[in-house]
Every structure is written in structure tokens, then in C-alpha cells.
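> the following block contains a protein sequence and its predicted model.
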Number of protein chains: 2
Amino acid sequence: MTPRLYCFAESGHSYKAALAMTLAEMEWHPVFVDFFTGEARSAEFRRDVNEMGECPVLKTDTLTLTQSGAILQWISDQTGKFGGAGDDRYEVLRWVLWDNHKLSSQLGMLRFLMHFVPEEKRPQDVIAFVQSRARSAFKTLDAHLSGRDWMVGRDVTNADLSCCSYLYYPEPFGFNRADWPNIDRWLSCIAALPGWQHPYELMTRAYPGPPKEET
Amino acid sequence: MTPRLYCFAESGHSYKAALAMTLAEMEWHPVFVDFFTGEARSAEFRRDVNEMGECPVLKTDTLTLTQSGAILQWISDQTGKFGGAGDDRYEVLRWVLWDNHKLSSQLGMLRFLMHFVPEEKRPQDVIAFVQSRARSAFKTLDAHLSGRDWMVGRDVTNADLSCCSYLYYPEPFGFNRADWPNIDRWLSCIAALPGWQHPYELMTRAYPGPPKEET
């Protein structure tokens, strides 16, 4: 069975898995999750697909994998790509973990609070707090990329595919490529890889636009 | 050279690595990091120890490892313990990633904001927001542990050692064992493992107490 990825285009975590399989030239099928109606957090989804109530989920004949970093590791084990050679695999893993801990987690939340939550309900104190944490993460990432094309070693790895994921989205979340020249250059390197696609090309969008006024 | 772990006792992330090495009966030496004076975020620490400005860091003769999940993986590769067998290793990795993304990251921040930040500077809106996210994570964890002794398979793994880490601390961060019976039982299982120690026994504390009034 071709692996099926439960995903939606606004999910940067789904994008990591979708992009890695695409760049590795694996066959995969998307299964659309209607996130903004609450599908991923429903009792049925938790029971049948992922108890964590989250995307992405990858299903194969024998495995159900969740958490983008675990799916990336599985893709590397299947294809021999993106996992890093020798001890570099720990270096790749540490950036994947850092991304989950300090980067993507903050950015996904920020974009949600700054764009997908209705304007009058946006918690400004929380947004300011998370933005300050996101800026610290951008600083660490930009400093690491100084003088490097790739995050680990001399080629693209899961470290790049994990950390880049939210940074291609056009919605506002306090990130401007022009402010971070090393990140900017590195995002262009990744986007120049053969087969690269933007998340909105690779998966189906779930956000229906701002809610209509009730009548 | 015996592996050296840069750590301090209030760091739940450090505790994961310290506990895993202790339970695996590996030799290791702690190197105390004076976190509350800003040592981990200093220019020297970023240059010489960890560009991420964080603990823990593990140094061996040939490797510098950071991010608790990467250190846990290395310990498993060295000892054959806690990594999960066969495809279970993806299941272990996914809970380690989930912990970094949804559990430890929130709890470390909450405890910092609710206890280590001076009372008059505590951002109450942010605390309420993060507490609500932490409660979602407790729900997921408690539901997963229903009817299980261990998070993955039939023995302790990195999934347990990662997810449990902040839950033994006595400072307030919105978690009461009595509210979560499955988590409570599982924390007792882990604490009953031969060699288990509380973080405040295993490492040196860095928090000097609340700041004195200026004179």
C-alpha cells in the first residue's frame, strides 16, 4: 500500500513529512483532514487515527506513525536520505528536536493566534510573549546558518526540512525574511531543490477564510 | 573520558539525560551550570558549549550532544536500553517528540513563570494560556496510560523518561498528581525502578531563592 499522509496544507508539521517524501521521490497519498472544523481533535480521530489529536499521521501497511520528526526518521530509514551520516545523525536529530521545542511549535501557535483566530479574540499579551520567544529562535537559527548552506554537513537533511517548514507561509506571524539574511538565503537553497513545492501546492488547504457574520 | 553532562537540578530536560544514564548504570559526571545568573545564555557558553544557549549538553571524547531527546537516543545506542525494539522505536521517538513539543516545553515555561519569576512580574494572561495547553497534554498522557504500566511496550523506555521529567518537581505549575490517576500510578512505577533518584538528589540546584530586596 502506498503510504497515506493525513494532512492539511496549513500544517507546517504535515509539510515536513510531505516535502521529505516528495524530495525523496517516494510515492504517497494525502488524506485531507478538515482541521478548522475540529476533525483532528474529534473523539473519532483520536480513536481511529491519532490519540494525540494532531496531524500529520502516516499510515503504511504495518505502521501508524505520528509526530513529524518520527515520520522524517522513518522516511530516512526507508530511503537512506536526509538522516545524516555517522555521528551527524545526532546533530540532525538535535535540530529536529530543537525545531519542535523552540521553533515550529511557537510559529504554528503564533500564526494561529495572529491569523486564524478572529481579530477581536486575539490574546495580545500571549502573542507578544510568544513573538519574543520566536525571535530568540530566529536568532539562534540565523547565527547557525552563517557561512553554511545546510544546517548539518554538506547536504540537505531532516534538520533543514523540519526547521524550514513554517517559514514559507505567507500569513503574518512576526517573521520577515529580509530581517534574517542567513535564514533567507537558506530558504532559497531549499526551495531550489529539484521537486520542491510550496505547502499550498503540495496539500489541500483547510482554512475557509474568516467566519461570516451570523445572520 | 567519562561523559560529562552540563546540567542543573531545576532543568527537567537535564533530568531526562541524568536519569537515563543513572538507570542504565553508565558512569557520568555532572558539570554544574549556574542557570539563574544567565550562564547558559552567555556568549561564552554559546561559543564553547552550546550555540542554542540551553542545557543539557553531553560531552564525550568525540561528541558534543545537545537536546535531551538526542542524548537519550545516544544513551540507547550505547547501552541497548530504553530505545524500544523493532518498530517500537518510532513509537518511543514520537512520544519523545510529543513531550518536547507539547509537555515538557510547556511545563518548564509554566514553572518558570509561576515560581522563578518575581511575583509582581508574572504575566497572568500568558500563564493562563499555557496552563490550558498543559491541561490538554495531561489529558492526552493520562488517557494513553489508562491500562498501561509503561508508555510503549512492556518496559520503561525513553518515552517514559522524557515525559515524566517535569512531573516530579514540587514547585507549583498547575499539576496535581491526584487529578490524573493514570499519570500518578505511572510516576510511582518509574520512581520504583532500581536506582531511581529525584532530580534534586541527582543534580545540583541553581535557584538561589527569591531575590533579596535592594538596599
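All right, it came through fine. Numbers count the residues shown, from 1 in each chain, chains lettered A, B, ... in the order given.

> quick one: residues contacting A:H144.
A:151, A:182, B:51 (C-beta atoms under 8 Å, 6 or more residues apart in numbering or on different chains). For the C-beta atoms, the positions are set from N, CA and C on the backbone; glycine is no exception.

> tally of neighbours for A:P208?
A count of nearby residues for A:P208, using other C-beta atoms under 10 Å in any protein chain shown, gives 10.

> what secondary structure does it sit in?
Following DSSP: H, G, I helix; E, B strand; the rest coil, we place A:P208 in the coil state.

> ok, it touching A:D34?
No. The pair A:P208 / A:D34 is not scored as a contact, 9.3 Å apart, by C-beta atoms under 8 Å.

> list the contacts of the helix or strand bottoming out on mean pLDDT in chain A.
In chain A, the helix or strand scored least confidently by mean pLDDT, DSSP states H and E is helix A:43-48, which has a mean of 92. The contact list for helix A:43-48 (C-beta under 8 Å, 6+ apart) reads A:33, A:39, A:52-53.

> now A:D179. Nearest residue, chain neighbours left out?
A:F138 (7.8 Å; C-beta to C-beta, 6 or more residues apart in numbering or on different chains).

> burial count for that neighbour?
19.

> make sure I have this right: it is in a helix.
Yes. Assessed with three-state DSSP, A:F138 lies in a helix.

> how about it, what does it touch?
Here A:F138 is in contact with A:175, A:179-180, A:183 (criterion: C-beta under 8 Å, 6+ apart).

> just the buried residues of those.
For those, a burial check counting by 16 or more other C-beta atoms under 10 Å in any protein chain shown picks out A:175, A:180, A:183.

> and the last one, what does it touch?
This means A:I183. A:I183 touches A:138, A:141-142, A:145, A:167, A:177, counting by C-beta under 8 Å, 6+ apart.

> and it, what helix or strand is that in?
helix A:181-191 (DSSP states H and E).

> elements contacting the helix or strand following that helix?
Scanning forward in sequence from helix A:181-191 by DSSP H and E, the next helix or strand is helix A:199-202. If contacts are counted by 3 or more C-beta pairs under 8 Å, 6 or more residues apart in numbering or on different chains; DSSP states H and E, helix A:199-202 sits against helix A:12-23.

> CA-only coordinates of the helix it packs on in PDB, if you can.
Taking C-alpha atoms only, helix A:12-23 is exported to PDB below (Å, rounded to 0.1, in the frame of the first residue of the first chain):
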ATOM      1  CA  GLY A  12       3.800  23.100   8.800                       C
ATOM      2  CA  HIS A  13       4.300  19.800  10.700                       C
ATOM      3  CA  SER A  14       2.500  18.000   7.800                       C
ATOM      4  CA  TYR A  15       4.500  19.900   5.300                       C
ATOM      5  CA  LYS A  16       7.800  18.500   6.800                       C
ATOM      6  CA  ALA A  17       6.600  14.900   6.000                       C
ATOM      7  CA  ALA A  18       5.000  15.800   2.700                       C
ATOM      8  CA  LEU A  19       8.100  17.600   1.500                       C
ATOM      9  CA  ALA A  20      10.600  14.900   2.600                       C
ATOM     10  CA  MET A  21       8.600  12.200   0.800                       C
ATOM     11  CA  THR A  22       8.300  14.400  -2.300                       C
ATOM     12  CA  LEU A  23      12.100  15.300  -2.400                       C
END
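
> and that helix with chain B, contact?
No. For helix A:12-23, no contact with chain B is found by C-beta under 8 Å from any C-beta of the partner chain; the gap never falls below 8.7 Å.

> what about A:Q197, how many neighbours?
15.

> pLDDT at it, what is it?
A:Q197 carries a pLDDT value of 98.

> if we can go back for a sec, in the helix holding A:I183, which residues are buried?
For helix A:181-191, by 16+ other C-beta under 10 Å, it's A:183, A:186-187, A:189-190.

> and for stretch A:60-73?
Quick answer for stretch A:60-73 (16+ other C-beta under 10 Å): A:64-73.

> can I get those residues in a markdown table with distance to B:H198?
Listed next are the buried residues of stretch A:60-73 as a markdown table, based on distance: C-beta to C-beta, whole Å:
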| residue | distance to B:H198 |
| --- | --- |
| A:T64 | 35 |
| A:L65 | 34 |
| A:T66 | 31 |
| A:Q67 | 29 |
| A:S68 | 33 |
| A:G69 | 29 |
| A:A70 | 30 |
| A:I71 | 35 |
| A:L72 | 34 |
| A:Q73 | 32 |
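
> will you turn those into a markdown table that also has pLDDT?
As requested, those are exported to a markdown table (pLDDT from 0 to 100):
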| residue | pLDDT |
| --- | --- |
| A:T64 | 94 |
| A:L65 | 94 |
| A:T66 | 94 |
| A:Q67 | 95 |
| A:S68 | 97 |
| A:G69 | 97 |
| A:A70 | 97 |
| A:I71 | 97 |
| A:L72 | 98 |
| A:Q73 | 97 |
